[in-house]
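[1] Predicted structure and sequence below. I'll ask about it afterward.
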Amino acid sequence: MSVWPITLDDVRGAHKMLAGVARVTPMESSRHLSELIGSPVQLKCENLQRTGSFKLRGAYVRIAGLSPVERAAGVVAASAGNHAQGVALAASTLGVHSTVFMPVVAPLPKVAATRDYGADVRLVGENFDATLAAALEYAETTGAVFIHPFDHPDIVAGQGTVGLEVLEQCPEVRTILVGTGGGGLLAGIAAAVKPVRPDVRVIGVQAEGAAAYPPSLRAGRPVTLDRFGTMADGIQVGRPGDVPFEIINQLADGVLTVSEDALARALLLCLERAKLVVEPAGASTVAALLEHGGEIEGPVVAVLSGGNIDPLLMQRVLRHGMAAAGRYMSLRLRINDRPGVLAGLLEVLSRTDANVVDVAHVRTDPKLGLGEADVDLRLETKGPEHCAAVVAELRAEGYRVLSQA
């Protein structure tokens with residue numbers, strides 16, 4: 001095995017450096033997930049870290065390692081959220097000026113938080129590529145040091161401190177699940193864990209729509225995706241970083257992928273069962289337990305990497321999660337367009353104990369016959385069996401169900 005870019009001593013040094021800066025985040029057991037996979041599951045709550053994610057760890061170690069001349073020139077970063085806040089707080093803590101470029105479409109709460117942590121925020125670009133280009137140009141023209149979100153040994157060493165805490169808090173662990181975008185967190189945890197506990201499996205988790213690591217690992221080199229997209233913007237990265245890839249290729253035990261439905265269900269589960277606010281990227285490890293639980297050896301530690309989620313996105317994701325779990329159903333029915341029919345439909349629904357969230361009564365559509373109307377319904381239900389029972393009751397009462405989702 002060749003030598004990887006960072007050592008266990010590098011991670012231990014980073015851990016000492018972060019004392020009093022980054023929190024030792026709690027480990028919470030999950031009875032529901034434990035019952036689901038038949039083995040103990042612990043949640044490593046980096047969503048409760050300062051700035052709401054693990055990103056502070058790597059950013060602080062990277063900036064702390066700069067020379068006095070480099071510090072005087074300031075630092076610059078490009079990010080839509082978590083890395084932005086980590087760099088801002090790390091820099092202000094160390095007395096270094098930071099400039100953070102964010103896309104113009106970045107959620108307002110994340111922009112405000114980054115400013116509050118002390119950064120000079122500049123909104124540039126409709127997408128991240130344009131934002132990144134602006135940040136790199138700023139670094140070139142001003143001499144500010146560009147702080148990469150994952151592709152630097154100091155960043156990886158800082159993120160690896162999560163792994164040291166996992167081993168201390170849960171020494172019986174057999175598998176660690178890690179949400180993975182560029183790979184800094186997965187590489188750091190693997191570098192921290194494998195030298196002392198080679199028996200522990202360290203597995204990455206990526207969204208199916210942004211899974212650059214599986215083809216890269218097959219090719220033996222970083223591969224760039226032609227297209228990628230996922231609700232889990234924290235792990236929406238089209239190409240692995242060179243530094244983390246080298247470590248992951250040697251030390252990690254594979255990368256699983258999860259669907260958008262599983263991400264939404266996982267976020268809902270974290271909120272309802274664990275009482276934890278987690279962003280989709282942070283919930284990716286829980287999504288892996290929902291979709292791959294039978295393949296994962298326990299005891300398991302699932303790292304919840306972040307909790308910074310825009311309230312509007314949370315509303316949409318929770319709705320999606322409820323639908324994926326069979327607790328939210330959309331129906332289109334065709335009814336006779338005469339007085340009292342809609343009231344009768346609602347009466348039937350009340351008997352099924354389904355909660356009507358929204359009703360749209362469509363009476364003017366060229367597809368409708370004379371005396372017909374369509375009704376679009378959104379219902380809260382109790383699960384797949386209840387959905388089936390509602391539809392069966394409607395059909396038994398003579399209603400024509402055109403579509404169901």
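    In hand now; what should we look at? On a predicted model such as this, the values are computed, not experimentally measured, just so you know. Numbering: from 1, shown residues only.

[2] List phi and psi for residue 75.
    phi -130, psi 160 (degrees, to the nearest 10).

[3] same question, residue 358
    Dihedral angles for residue 358 - degrees, to the nearest 10 - are phi -150, psi 150.

[4] residues contacting it?
    Counting by Cβ atoms under 8 Å, 6 or more residues apart in numbering, residue 358 makes contact with 376, 377, 378. To be clear about C-beta, it is placed using only N, CA and C from the backbone, and glycine gets the same treatment.

[5] List only buried entries from those.
    Buried members of these, counted by 16 or more other Cβ atoms under 10 Å: 377, 378.

[6] Between the contacts of residue 358, which sits nearest residue 398?
    residue 377 (16.1 Å; Cβ to Cβ).

[7] closest to residue 171 among the contacts of residue 358?
    residue 378 (47.6 Å).

[8] Helix or strand next in line after whichever strand or helix holds that closest one, which one?
    Assigned by DSSP states H and E, residue 378 falls within strand 372-380. On the C-terminal side of strand 372-380, the closest following helix or strand by DSSP H and E is helix 384-396.

[9] I'd like to know the average pLDDT value across that following helix.
    Summarised as a single mean, pLDDT over helix 384-396 is 89.

[10] Tell me the helix or strand right after that helix.
    Downstream of helix 384-396 (by DSSP H and E), the next one is strand 400-404.

[11] Contacts for that following strand next, please.
    For strand 400-404, contacts defined as Cβ under 8 Å, 6+ apart pick out 329, 330, 331, 332, 333, 334, 335, 374, 387, 391, 394, 395.

[12] hang on, the third one in a helix?
    Think residue 331. No. Looking at residue 331 with DSSP: H, G, I helix; E, B strand; the rest coil, it is strand, so not inside a helix.

[13] what's near enough to touch it?
    Residue 331 touches 376, 377, 379, 391, 394, 401, 403, 404, counting by Cβ under 8 Å, 6+ apart.

[14] Narrow those residues to just the buried residues.
    377, 379, 391, 394.

[15] just those residues now: which is nearest residue 54?
    Nearest to residue 54 among the buried ones among the contacts of residue 331, counting by Cβ to Cβ, is residue 379 at 38.4 Å.

[16] For the protein, which segments are assigned as strands?
    Under the criterion DSSP state E, the chain contains strands at 27-29, 41-45, 75-78, 98-102, 120-123, 145-146, 175-179, 201-207, 255-258, 300-304, 328-336, 355-362, 372-380, 400-404.

[17] mind checking which of these is nearest residue 17?
    strand 75-78 (16.5 Å).

[18] list the helices and strands the closest one packs on?
    Counting contacts by 3 or more Cβ pairs under 8 Å, 6 or more residues apart in numbering; DSSP states H and E, strand 75-78 packs against helix 82-93, strand 98-102, helix 128-142, strand 145-146.

[19] between those, which gets nearest to residue 166?
    Closest approach to residue 166 among the helices and strands packed on strand 75-78 (Cβ to Cβ): helix 82-93, 19.5 Å.

[20] so how far is that closest one from its chain's centroid?
    Centroid separation for helix 82-93 versus its chain: 19 Å, with Cα atoms, centre = their mean, to the nearest Å.

[21] Can you lay out the helices and strands packed on strand 75-78 as TSV showing mean pLDDT and distance to residue 309?
    Listed next are the helices and strands packed on strand 75-78 as TSV, based on pLDDT from 0 to 100; distance: least, Cβ to Cβ, whole Å:
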stretch	mean pLDDT	distance to residue 309
helix 82-93	97	11
strand 98-102	96	16
helix 128-142	91	18
strand 145-146	98	27
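
[22] just so I know, which of those lies nearest residue 269?
    helix 82-93 (21.2 Å).

[23] Which secondary structure elements does that closest one sit against?
    Using 3+ Cβ pairs under 8 Å, 6+ apart: helix 82-93 touches helix 55-64, strand 75-78, strand 98-102, helix 108-116.

[24] Residue 71: how many residues sit nearby?
    Residue 71 is flanked by 18 other residues according to other Cβ atoms under 10 Å.

[25] So it sits against residue 96, correct?
    Yes. Counting by Cβ atoms under 8 Å, residue 71 sits close enough to residue 96 to count as a contact (5.0 Å).

[26] Lowest mean pLDDT among the helices and strands, pick that one out for the chain.
    When the helices and strands of the chain are compared on mean pLDDT, DSSP states H and E, helix 311-324 comes out lowest with a mean of 75.

[27] can you tell me which residues contact the residue nearest the centre of the chain?
    In the chain, the centroid-proximal residue (Cα atoms, centre = their mean) is residue 281; its distance is 0.8 Å. Residue 281 is in contact with 179, 181, 232, 233, 234, 235, 236, 305, 306, counting by Cβ under 8 Å, 6+ apart.

[28] what's the pLDDT at the first one?
    Among the per-residue scores, residue 179 holds a pLDDT of 98.

[29] Likewise for the third one?
    You'll see residue 232 listed with a pLDDT of 87.

[30] Might one say that it is in contact with residue 266?
    No. Taking contacts as Cβ under 8 Å, residue 232 lies outside contact range of residue 266: 9.9 Å.

[31] hang on, the earlier thing: and the closest residue to the residue nearest to the centre of the chain other than its chain neighbours, how far from residue 166?
    Nearest residue to residue 281 in three dimensions, chain neighbours excluded: residue 234, at 3.0 Å (Cβ to Cβ, 6 or more residues apart in numbering). Distance, residue 234 to residue 166, using Cβ to Cβ, to the nearest Å: 19 Å.
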